[in-house]
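Participant: need coordinates for the following:
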Amino acid sequence: MRRIIPATTLLKRLTARVQQRPDRFADLKMVKSDSNKPLKYSAWMPRFWHGMPPHIWFSALARYPLNVSPSRLHHALGVTLFTPFNAMLALAQQLAWGSAIERTQLTAPPLFILGHWRSGTTLLHEYLSLDSRFATPTTYECFAPWHFLLTEQLVTRFGGFLIPDRRPMDNMQAGWKLPQEDEFALMNLGAPSPYLRVLFPNEDIPYLDTLSSSEFTPRNLAIWNRKFLWFLKALTLHNKKRLLLKSPPHTGRVGTLHEMLPEAKFVHIVRDPRKIYPSTMKLWLSLDAHQALQAPSDQDRLKRFVLQSLKSMYDAFEQDRPTISNSHIIDISYEAFVANPIDTMSEIYDHLGLGEASSMRPLWERKQSEEKGYQTNKLELSTDEETMVLREWASYAQRYGYLPSDYSDTSNEHLINSAHTR
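Facilitator: Have a look, this model is predicted:
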């Protein structure tokens with residue numbers, strides 16, 4: 001009698017065979033793309049939501065089902081038609097690896113990168129991920145968390161054309177195999193996330209409680225913990241390495257992360273808030289333009305979200321930080337980092353005990369040489385906008401040395417765009 005091979009075994013063998021083939025993306029460098037090329041984000045390219053199965057997608061869509069703009073109906077239809085495939089692939093992955101994921105233990109406490117959006121977390125992520133001892137979630141793993149164990153090698157090998165070659169907000173290179181924020185994976189897994197605001201940018205912003213450990217509702221916290229731990233286990237099963245994770249919302253969740261993973265370590269980066277604000281506005285506006293189901297029209301709502309989210313995140317961060325051992329967390333500034341990345345990285349490694357920094361120095365130096373000549377976006381603030389930012393974010397600016405402790409918003413002495421400082 002012919003022996004029947006279980007379907008789960010066939011799936012694992014097929015995946016292993018694909019993984020053994022040479023990786024054409026192995027030498028892909030995390031450098032800036034040509035900013036003079038027009039960004040191509042075609043209508044047929046997948047959006048964030050294409051990684052959701054039906055029950056997650058329809059739950060997100062149900063918030064404002066009648067508020068989809070006519071010009072975005074094709075996106076909603078495309079995601080709807082694709083979600084059943086995610087469900088089938090998720091079932092296949094669960095059958096093949098579900099029990100193994102549940103049994104998996106993290107190989108070491110993760111290393112988290114903390115900081116507000118546009119504060120330099122991506123650049124720091126790129127430098128830290130040069131260390132082969134770390135595994136960091138890729139864009140594809142965050143896009144398709146339900147089935148990346150099954151499909152990643154195939155899609156990343158042959159599906160590079162499916163996404164733009166650079167990010168719309170800063171012209172940095174994009175690609176399936178480049179490091180990505182795990183917040184996108186959590187969102188597609190059904191965890192509560194404020195990133196769902198991008199779906200309907202003109203409506204009330206969901207899950208603002210998840211930006212602060214102290215404000216998490218008990219139900220949302222339970223769901224978030226379960227989804228987050230599952231994703232970490234799946235990544236560990238896949239890579240067998242210590243995890244490196246970057247997601248700006250984690251800044252306000254540091255207390256939750258410390259409670260869940262007491263030995264985890266953290267690198268916290270800060271930047272001049274007068275640079276953060278316009279860059280963060282551009283970030284969300286660019287995401288809304290390409291990913292939303294509504295034509296964005298309410299910038300006042302977005303401004304309020306940007307201003308409030310930093311305060312919520314940093315109120316929680318400063319409240320919970322004393323619970324973390326000083327040897328497990330380090331602060332760096334974006335300005336010092338870009339001025340001298342090699343010394344900054346060495347300081348991070350020494351302070352957190354991440355290993356011998358000298359062995360990483362050649363990789364950091366090559367990365368630094370690749371960065372030379374790159375110009376960040378020139379985003380200007382009016383004097384009124386600067387005054388607003390420094391008033392709303394005075395605590396952050398003073399704590400991290402961007403304003404003196406006796407600063408008063410009645411004076412424009414410290415405004416970088418005022419006549420006094422030009």
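Participant: tell me where the model's unsure across the stretch 251-400 of the chain.
Facilitator: 373-377 (pLDDT under 70).
Participant: could I get the full set of helices for it?
Facilitator: 254-260, 273-291, 299-320, 334-339, 341-352, 361-371, 383-392, 394-399 (DSSP state H, counting those that start in this stretch).
Participant: for the last one, which residues meet the burial criterion?
Facilitator: In this case it means helix 394-399. Neighbour-count burial for helix 394-399, counted by 16 or more other Cβ atoms under 10 Å, picks out 394, 396-397. All C-beta spots, glycine's among them, are computed from the backbone N, C-alpha and C.
Participant: among the helices of the stretch 251-400 of the chain, which comes closest to residue 85?
Facilitator: helix 273-291 (19.7 Å; Cβ to Cβ).
Participant: what's the angle from that closest one to helix 299-320?
Facilitator: Between helix 273-291 and helix 299-320, the angle comes out at 120 degrees (axes from the mean of the first three to the mean of the last three Cα atoms, to 10 degrees).
Participant: just list what helix 273-291 packs against, helices and strands only.
Facilitator: Counting contacts by 3 or more Cβ pairs under 8 Å, 6 or more residues apart in numbering; DSSP states H and E, helix 273-291 packs against helix 299-320, helix 383-392.
Participant: so for residue 214, which of the helices of the stretch 251-400 of the chain sits nearest?
Facilitator: helix 299-320 (5.6 Å).
Participant: and the closest one, which residues are buried?
Facilitator: Buried, per 16+ other Cβ under 10 Å, within helix 299-320: 301-303, 305-307, 309-317, 320.
Participant: go on, stretch 88-97?
Facilitator: In stretch 88-97, counting by 16+ other Cβ under 10 Å, buried: 89-90, 92-94, 96-97.
Participant: ok, stretch 62-71 next?
Facilitator: For stretch 62-71, by 16+ other Cβ under 10 Å, it's 68-69.
Participant: and the end-to-end length of it?
Facilitator: Start-to-end span of stretch 62-71 (Cα to Cα, to the nearest Å) is 19 Å.
Participant: equivalent analysis for stretch 232-248, please.
Facilitator: Stretch 232-248: ends 17 Å apart by Cα to Cα.
Participant: so which bits of that stretch are buried?
Facilitator: In stretch 232-248, counting by 16+ other Cβ under 10 Å, buried: 232-238, 241-248.
Participant: any idea how far residue 211 lies from residue 188?
Facilitator: 19 Å (Cβ to Cβ, to the nearest Å).
Participant: check contacts around the closest residue to residue 365 other than its chain neighbours.
Facilitator: What sits nearest to residue 365 in space, not counting adjacent residues and going by Cβ to Cβ, 6 or more residues apart in numbering, is residue 342, at 6.5 Å. The contact partners of residue 342, taken as Cβ atoms under 8 Å, 6 or more residues apart in numbering, are 361, 364-365, 368.
Participant: now do the strands in the stretch 151-300 of the chain.
Facilitator: Remark: strands assigned in the stretch 151-300 of the chain by DSSP state E, counting those that start in this stretch are 242-246, 265-270.
Participant: closest one to residue 338 among those?
Facilitator: Using Cβ to Cβ, the nearest of these to residue 338 is strand 265-270, at 10.7 Å.
Participant: sheet partners, orientation included, of the closest one?
Facilitator: strand 111-114 (parallel), strand 329-333 (parallel) (DSSP bridges).
Participant: how much space between residue 123 and residue 368?
Facilitator: Distance of residue 123 to residue 368, computed by Cβ to Cβ: 11 Å.
Participant: give me the common contacts of those two.
Facilitator: What both residue 123 and residue 368 touch, as defined by Cβ under 8 Å, 6+ apart, is an empty set.
Participant: please work out which residues outside stretch 233-241 touch it.
Facilitator: Stretch 233-241 has contacts (Cβ under 8 Å, 6+ apart) with 97, 100-102, 104-107, 133-135, 137, 141, 145, 148-149, 243.
Participant: quick one, strands of the stretch 1-150 of the chain?
Facilitator: Ranges of strands within the stretch 1-150 of the chain are 111-114, 134-135, based on DSSP E, counting those that start in this stretch.
Participant: right, so of those strands, which gets closest to residue 254?
Facilitator: strand 111-114 (6.5 Å).
Participant: okay, the closest one in PDB with CA atoms only?
Facilitator: Extracted C-alpha coordinates of strand 111-114, given in PDB (Å, rounded to 0.1, in the frame of the first residue of the first chain):
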ATOM      1  CA  LEU A 111      15.500  44.600  22.200                       C
ATOM      2  CA  PHE A 112      13.000  47.400  21.600                       C
ATOM      3  CA  ILE A 113      13.500  50.700  19.700                       C
ATOM      4  CA  LEU A 114      11.400  53.400  21.300                       C
END
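Participant: end-to-end on stretch 343-359?
Facilitator: Calculated as Cα to Cα, the first-to-last residue distance of stretch 343-359 is 14 Å.
Participant: so which bits of it are buried?
Facilitator: So, applying 16+ other Cβ under 10 Å, buried residues of stretch 343-359: 344-349, 351-352, 354, 357.
Participant: break this protein into its domains for me.
Facilitator: Following automatic domain parsing, one finds the domains of the chain at 41-379, 381-422.
Participant: most packed of these?
Facilitator: Highest mean neighbour count among those (mean count of other Cβ atoms under 10 Å): domain 41-379, with a mean of 18.
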